[in-house]
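Participant: The following comprises the amino acid sequence and a computationally predicted model.
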Amino acid sequence: TYVFSKIMLMKTKFLNAMVWVTALFFAACSSKGDYTCAIPSDAALVASADVQQLVEKSGITGEEGKVLTDQLMKSVRSDVSEQEAAMIEKILADPAESGLDLREKVYAFMVSDMEYAAVLAAVDNRDKVTEMVNMLAGHEVCEPVAEEADYSYTTVDRKSLLAYNETAFLLLNGGSKFDTEELKAKAAALLANEKANSFISTDKFDKMQKAKGDIALSFSLDCLPREELKLLQMNMPQGVDPKDVTAVSALHFEKGKVLLDVETLYNPEIKDMIAQQEKVYGDKLKGKFLEKFPKESMTYLACSVNGEEAYKVIMQNEMVKRELRNARLPFDLEKVLKSLNGEMAFAMAAGKSMIPQFGIYAEVANDDILKEMNPFKQMLAAAGMEYGVKDDVFYVSNIKEGSLESTLDDCDWAGDSKGKLTYFVSDFQAVADFVRLGMNPSQAASLNMVANTLKVFTGYSEDVTHFHAALTMVDTKTNSLKQFVDIAKKMNAAN
């Protein structure tokens with residue numbers, strides 16, 4: 001047990017060392033591109049991280065970085081030889097000594113149905129990579145390096161295979177189906193892959209590059225496990241192949257905010273089907289119901305709906321139709337959906353007690369929805385909710401008409417919400433005030449740490465293919481990633 005504990009401790013320290021090598025490395029970008037050919041063209045998920053930008057924005061450079069390096073060396077030195085300690089110190093001072101070119105982006109990718117996952121980095125000096133890996137092998141982090149004709153390799157904990165050549169460093173994870181020879185064959189094929197057969201020759205890769213995110217992601221639905229994919233397909237049009245739908249996103253850490261941009265790409269074969277989906281939405285939002293909710297609302301969600309088209313789309317999916325028949329809903333879904341015709345909005349705010357203020361408003365074509373509300377009449381009355389249809393607007397709410405001194409229409413984001421297809425807001429300050437009511441002092445202290453950093457989250461769709469989100473911080477002058485790093489430090493110190 002003692003020997004095992006020592007081995008695990010040493011592994012942890014060496015893995016930490018590798019993390020900090022990556023984190024502390026920042027320099028001018030180089031021009032290597034060959035290593036990215038190792039990403040197969042049929043990769044269902046591809047993520048990239050700009051290490052240089054992330055390190056600079058995190059603030060763990062300069063004097064702060066030196067303090068972290070000194071702490072790491074103090075932790076590792078007692079378990080390694082003087083020669084190994086000198087090597088680690090040299091790598092921390094200049095990560096190029098690891099043999100990896102971490103000036104280039106680091107990638108992670110996965111093929112369909114999660115057959116295997118991989119991490120990819122650029123190689124600057126193959127001999128130095130071998131020297132570093134053999135040092136780790138001496139501490140049982142991995143096996144000693146073995147050589148094949150075109151690449152070097154080792155195995156890690158009988159779960160992963162690490163293979164590299166002159167340009168690419170590839171870590172393949174086979175999970176519970178680990179087979180050394182099978183993974184070696186995959187690694188050899190990927191390392192020898194040509195650009196024409198690589199992900200970098202696809203439109204998805206071009207989209208990722210143009211997005212210029214600190215972190216970028218291309219995600220195809222067919223990389224999901226079968227059970228999760230089956231559930232998701234219930235909400236998709238009948239006949240859509242998961243391979244036909246890919247989302248490309250980019251995450252940006254900026255001063256005072258985190259930005260997320262997502263574009264959904266569809267294969268030409270289903271363009272007509274997507275055009276039909278667009279009919280579900282009505283006109284762009286005009287903010288008709290902003291004045292119905294208090295300014296201190298915790299959440300707000302609005303969209304515009306064409307109920308007739310929405311019902312048609314839902315009924316095109318045989319799986320959904322079957323589930324609805326078996327569900328035995330206490331209301332007529334067709335009448336409810338077809339009555340919707342225009343803008344609708346939902347919001348929730350903290351009340352004077354643990355019962356929040358709540359409201360839903362929707363433009364309707366008729367009052368058929370009222371009859372379908374009868375099964376819920378007693379429950380709504382017990383919760384202090386009123387409902388009805390007035391001036392072609394259906395409402396259910398416990399917010400008294402005319403009782404508000406200020407409304408969501410007075411918020412900074414109100415103007416921005418108009419002209420969008422959908423819009424969502426969550427106010428962290430308001431949420432914290434409500435959640436804090438049921439917390440003990442210790443829990444409230446942790447909540448306050450987050451609430452004093454995060455201000456508001458907004459997300460919206462311009463159309464059916466583009467989504468944008470922003471997480472705004474209280475401190476608008478400091479980079480958001482550095483603020484997250486500082487929160488992590490404070491929480492770690494508190495524990």
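Facilitator: Great, that's in hand.
Participant: which residues in the stretch 251-400 of the chain form strands?
Facilitator: Per DSSP state E, counting those that start in this stretch, the stretch 251-400 of the chain carries strands over the ranges 257-266, 297-306, 340-349, 357-364, 386-390, 393-397.
Participant: Distance to Asp332 added to those, as TSV?
Facilitator: The C-beta positions use only the backbone N, C-alpha and C, and glycine is treated the same way. Below are the strands of the stretch 251-400 of the chain laid out as TSV (distance: least, CB to CB, whole Å):
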stretch	distance to Asp332
strand 257-266	32
strand 297-306	17
strand 340-349	13
strand 357-364	14
strand 386-390	16
strand 393-397	15
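Participant: so which of these comes closest to Gln276?
Facilitator: With CB to CB, the closest approach to Gln276 among the strands of the stretch 251-400 of the chain belongs to strand 297-306: 11.3 Å.
Participant: With just CA atoms, put the closest one into PDB.
Facilitator: C-alpha atoms of strand 297-306 as PDB (Å, rounded to 0.1, in the frame of the first residue of the first chain):
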ATOM      1  CA  SER A 297     -36.200  39.400 -12.100                       C
ATOM      2  CA  MET A 298     -33.900  36.400 -11.800                       C
ATOM      3  CA  THR A 299     -34.600  35.000 -15.300                       C
ATOM      4  CA  TYR A 300     -36.300  36.200 -18.500                       C
ATOM      5  CA  LEU A 301     -37.000  34.100 -21.600                       C
ATOM      6  CA  ALA A 302     -38.700  35.400 -24.800                       C
ATOM      7  CA  CYS A 303     -39.400  34.000 -28.300                       C
ATOM      8  CA  SER A 304     -41.900  34.400 -31.100                       C
ATOM      9  CA  VAL A 305     -44.000  31.300 -32.000                       C
ATOM     10  CA  ASN A 306     -46.200  30.300 -34.900                       C
END
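Participant: Let me see the residues that make contact with that strand.
Facilitator: For strand 297-306, the external contacting residues (CB atoms under 8 Å, 6 or more residues apart in numbering) are 279-285, 287, 289, 293, 340-350, 356-357, 362, 408, 417, 421-427, 430-431, 434.
Participant: gap between that strand and the chain center?
Facilitator: 22 Å (CA atoms, centre = their mean, to the nearest Å).
Participant: Now that strand: average pLDDT?
Facilitator: In this model, strand 297-306 has an average pLDDT of 95.
Participant: likewise stretch 371-388?
Facilitator: According to the model, stretch 371-388 has a mean pLDDT of 89.
Participant: Show me how far it is from its chain's centre.
Facilitator: Centre-to-centre, stretch 371-388 and its host chain are 38 Å apart (CA atoms, centre = their mean).
Participant: What is the end-to-end distance of that stretch?
Facilitator: From its first residue to its last, stretch 371-388 covers 10 Å (CA to CA, to the nearest Å).
Participant: And that stretch, what's buried?
Facilitator: Across stretch 371-388, burial judged by 16 or more other CB atoms under 10 Å covers Glu372, Met373, Met385, Tyr387.
Participant: beta partners of the residue nearest to the second one when sequence neighbours are not counted?
Facilitator: In this case it means Met373. If the residues on either side of it in the chain are set aside, Met373 comes closest to Tyr387, at 5.9 Å by CB to CB, 6 or more residues apart in numbering. On the basis of DSSP bridges, Tyr387 is bridged to Val396.
Participant: I figured Tyr387 hits Tyr395, correct?
Facilitator: Yes. Between Tyr387 and Tyr395 a contact is recorded at 6.3 Å, counting by CB atoms under 8 Å.
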